[in-house]
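Visitor: just need the structure, nothing else, for what follows:
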Amino acid sequence: MTRAQLKAFFTRGSKPTSGQFASWIDSFWHKDEDSIPINKVANLSTTLAGKVSNEDLQNEATTRATADEDLQMQIDDLANSGVSFDMTNYIANAPLYDNEAAAVSLADYRLYKTSTGELRYKLPAEAPVTPEPPTGGEVDNELNTFTFLGGEI
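Guide: Now for the predicted structure:
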């Protein structure tokens, strides 16, 4: 029944029957008794279609895990080398790129500097997921970079 038909049962002076009350009650979804079909939720299919796929999430997780393992190996190698680590020297020796396009050749998840002296962190070119920026910087989704703005490294 349409809303107009249901409203007609309850006009001033009318005496709705129990069947008309039942029709009115049955016309709504009950939170404890009914499941709303997906096709009845406005724009749900469109909204869900715009979400990241499980495969893309798994690929991103694998890429990040590989980068973490690589970084851990570098840290372990450095720790086992007997050489002390100097963060200032590490930053000073970060590769310099005049623009983000030039940094394309840099491996993902690597620190680099711009010609203006900004420290950036190279993100994957086709990352389906944008990570939350670490403390002290911000992510630029268009340039796929993390820019260090201050704070702790």
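Visitor: find the nearest non-adjacent residue to Ala103, please.
Guide: Spatial nearest neighbour of Ala103, excluding adjacent residues (Cβ to Cβ, 6 or more residues apart in numbering): Tyr97 at 4.2 Å. Just so you know, the C-beta spots here come from the backbone N, C-alpha and C atoms, and that holds for glycine as well.
Visitor: beta partners for that neighbour?
Guide: Counting by DSSP bridges, Tyr97 forms beta bridges with Thr114.
Visitor: so it versus Thr63, what's the distance?
Guide: According to Cβ to Cβ, to the nearest Å, Tyr97 and Thr63 sit 21 Å apart.
Visitor: the domain parsing of this structure - what is it?
Guide: What automatic domain parsing lists as the domains of the chain is 3-49, 54-148.
Visitor: tell me the mean pLDDT over the shortest one?
Guide: Here domain 3-49 scores 88 as its mean pLDDT.
Visitor: again, but for stretch 64-84
Guide: Rounded mean pLDDT across stretch 64-84 is 80.
Visitor: list the buried ones in it?
Guide: Neighbour counts over stretch 64-84 (16 or more other Cβ atoms under 10 Å) mark Arg64 as buried.
Visitor: so which of the domains of the chain is the most packed in?
Guide: domain 54-148 (a mean of 13; mean count of other Cβ atoms under 10 Å).
Visitor: tell me the contacts of the closest residue to Phe10 other than its chain neighbours?
Guide: Leaving aside its chain neighbours, Phe10 sits nearest to Pro16 (5.8 Å; criterion: Cβ to Cβ, 6+ apart). Neighbour list for Pro16: 9-10, 24 [criterion: Cβ atoms under 8 Å, 6 or more residues apart in numbering].
Visitor: tabulate these (CSV), appending distance to Ile38.
Guide: As requested, the contacts of Pro16 are exported to CSV (distance: Cβ to Cβ, whole Å):
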residue, distance to Ile38
Phe9, 30
Phe10, 31
Trp24, 25
